[in-house]
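S.K.: Let me see the structure of the following:
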Amino acid sequence: MRFFTADLHLGHTNIIRYCHRPFDSVAEMNESLVANWNATVGPDDEVWVLGDVALGPIRESLAIVDRLSGHKVLITGNHDRCWAGNGESADKWIDRYVRAGFADVRQGTVATTIGDTPVLAGHFPYEGDSHDEDRFTRWRPEDRGGWLLHGHVHTKWQVNARQINVGVDVWDLAPVSETSIAQIIHAR
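M.R.: The predicted model follows:
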């Protein structure tokens, strides 16, 4: 089984307030995210994390990745230290993310399929943001009429036209299955 998720923001205290996450502390949030992930994802499953996995004290927050079940692939987001948008400093972080538990770290937008439907997967949506204006426009994929799995917008929407937000804030704080995404695509 393959799953998708984004915007865990492990270790990020302020995300609790920004996204109205139901936790009193970052420790409680981290433990809940790990428990929800591991209740959803089995050891042989694959999870694509579409960016923004860990913030806060990076040594502690990135170490949590190793506790998450499954084969993990990171497609970097603007809050990942290994994101290409950070310039040359990003390269020195890739190995650290791999040592933390990611089997692969990818940049930009990646083509894949959901069932028999071609989709793109990356951190940024075609349009829209968690703020009032679209940021990081240079890093966004070009909308050529296909489906896009993304994060970055947090609670703004789950589905917006052909954009599916796989972020934890709109999927009960857990990864979403490829089967669930296929149902959305085929229903439209």
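S.K.: From here on, just use CA atoms for contacts and neighbour counts.
M.R.: OK.
S.K.: neighbours around Arg188, how many?
M.R.: Neighbour count of Arg188, defined by other Cα atoms under 10 Å: 7.
S.K.: To clarify, my last question referred to Ala103.
M.R.: Ala103, neighbours per other Cα under 10 Å, totals 14.
S.K.: What of Ile184?
M.R.: 13.
S.K.: measure it to Phe102 for me?
M.R.: With distances taken as Cα to Cα, to the nearest Å, Ile184 is found 28 Å from Phe102.
S.K.: Next: Asp134.
M.R.: Taken as Cα to Cα, the span from Asp134 to Phe102 is 29 Å.
S.K.: what about these two, which has more around it?
M.R.: Shown here are Asp134 and Phe102; by other Cα under 10 Å, Phe102 has more neighbours (22 against 15).
S.K.: Model confidence at that one, what's the number?
M.R.: If you check Phe102, the pLDDT there is 98.
S.K.: residues in contact with it?
M.R.: Neighbouring residues of Phe102 by Cα atoms under 8 Å, 6 or more residues apart in numbering: 65, 71-74.
S.K.: Adding distance to Leu50, write these out as JSON lines.
M.R.: Shown next, in JSON lines, are these (distance: Cα to Cα, whole Å):
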{"residue": "Val65", "distance to Leu50": "14"}
{"residue": "His71", "distance to Leu50": "14"}
{"residue": "Lys72", "distance to Leu50": "11"}
{"residue": "Val73", "distance to Leu50": "8"}
{"residue": "Leu74", "distance to Leu50": "6"}
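S.K.: By neighbour count, which of these wins?
M.R.: Result: Leu74 is most packed of the contacts of Phe102 (other Cα under 10 Å), 27 neighbours.
S.K.: So it: helix, strand or coil?
M.R.: strand (DSSP: H, G, I helix; E, B strand; the rest coil).
S.K.: Is it in contact with Trp48, as I believe?
M.R.: Yes: contact criterion Cα atoms under 8 Å: Leu74 and Trp48 qualify, at 5.9 Å.
S.K.: what's the first-to-last distance across stretch 12-24?
M.R.: End-to-end for stretch 12-24, by Cα to Cα: 12 Å.
S.K.: Oh, that last question was meant for stretch 123-137, not what I typed.
M.R.: Stretch 123-137 has an end-to-end distance of 12 Å (Cα to Cα).
S.K.: Repeat that for stretch 99-108.
M.R.: 21 Å.
S.K.: What of stretch 5-21?
M.R.: Stretch 5-21 stretches 16 Å from its first residue to its last (Cα to Cα).
S.K.: Then stretch 66-77?
M.R.: Stretch 66-77 end-to-end distance (Cα to Cα) = 19 Å.
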